[in-house]
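# below: sequence and its predicted model.
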Amino acid sequence: MNCGKARERISDYLDGRLSEEHLSEFELHIRGCAECAGELDEMRRMVTALRSLAVPRAPIDLWPQVREGIRTAENLIPIWGIFARPVFMAPVLAVAAAVAVMLILPQPKPLPEKPIKLSASEYRHYLTEHMRFQKRMFVDPEVSFIAVELDRANSRAKDE
């Protein structure tokens, strides 16, 4: 057995978990290797020191106290826990989304209370300006139709 295998088996040797075949090989190696024997001795002292440490024991009535603490903690639901449930959160989120959409979308301008009355010439001026700002002439067929009708009405009014 080489030193690497012996070092791997030191813990098993101290715990008494080596098979008879491995045990005899290990002990033979330890007798002939001072370095591995020193490591075995060091490990024995460490195990002895660890076993001598005082381990605090739990009180006899610890489990009933723990169980009561768990029951108390389960019964106490924080106030925010009630509102974090999906039943409560779904309507709240829906209202928040609706408010966000209303804030983002542009608001329509209110219509004037009284309709604005324009004379034919004022309306013709509005249509002319509208057509002037179009990139192509007579893009809007309704505007051009109304303009022609206004021209006809104005010419009839002048003839009479």
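Cool, got the structure. Numbering: from 1, shown residues only.
# only C-alpha atoms for contact and neighbour calcs from this point on.
OK.
# going on from the lowest-mean-pLDDT helix or strand in the chain, what's the next piece of helix or strand?
Taking mean pLDDT, DSSP states H and E as the measure, the chain has helix 79-83 as its least confident helix or strand, at a mean of 64. Next in sequence after helix 79-83, counting helices and strands by DSSP states H and E, comes helix 86-104.
# need the CA coordinates for that following helix. CSV is fine.
The C-alpha trace of helix 86-104 is given here as CSV (Å, rounded to 0.1, in the frame of the first residue of the first chain):
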residue,chain,number,x,y,z
PRO,A,86,-53.9,36.5,-5.6
VAL,A,87,-57.6,37.0,-4.7
PHE,A,88,-56.8,40.5,-3.4
MET,A,89,-54.0,41.4,-5.7
ALA,A,90,-55.7,40.7,-9.0
PRO,A,91,-58.3,43.5,-8.7
VAL,A,92,-55.7,45.9,-7.3
LEU,A,93,-53.4,45.2,-10.2
ALA,A,94,-56.2,45.6,-12.7
VAL,A,95,-57.2,49.0,-11.3
ALA,A,96,-53.5,50.1,-11.2
ALA,A,97,-53.1,49.1,-14.9
ALA,A,98,-56.3,50.9,-15.9
VAL,A,99,-55.1,54.1,-14.1
ALA,A,100,-51.7,53.8,-15.7
VAL,A,101,-53.3,53.5,-19.2
MET,A,102,-55.5,56.5,-18.6
LEU,A,103,-52.5,58.5,-17.5
ILE,A,104,-50.5,57.5,-20.5
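# how far out from the middle of the chain is that helix?
18 Å (Cα atoms, centre = their mean, to the nearest Å).
# now do that helix, average pLDDT.
Averaged across helix 86-104, pLDDT comes to 85.
# tell me which other helices or strands the helix or strand following it touches.
Under the assignment DSSP H and E, the closest C-terminal helix or strand after helix 86-104 is helix 120-133. On a contact count with 3 or more Cα pairs under 8 Å, 6 or more residues apart in numbering; DSSP states H and E, helix 120-133 meets helix 141-159.
# that concludes my questions; thank you for your assistance.
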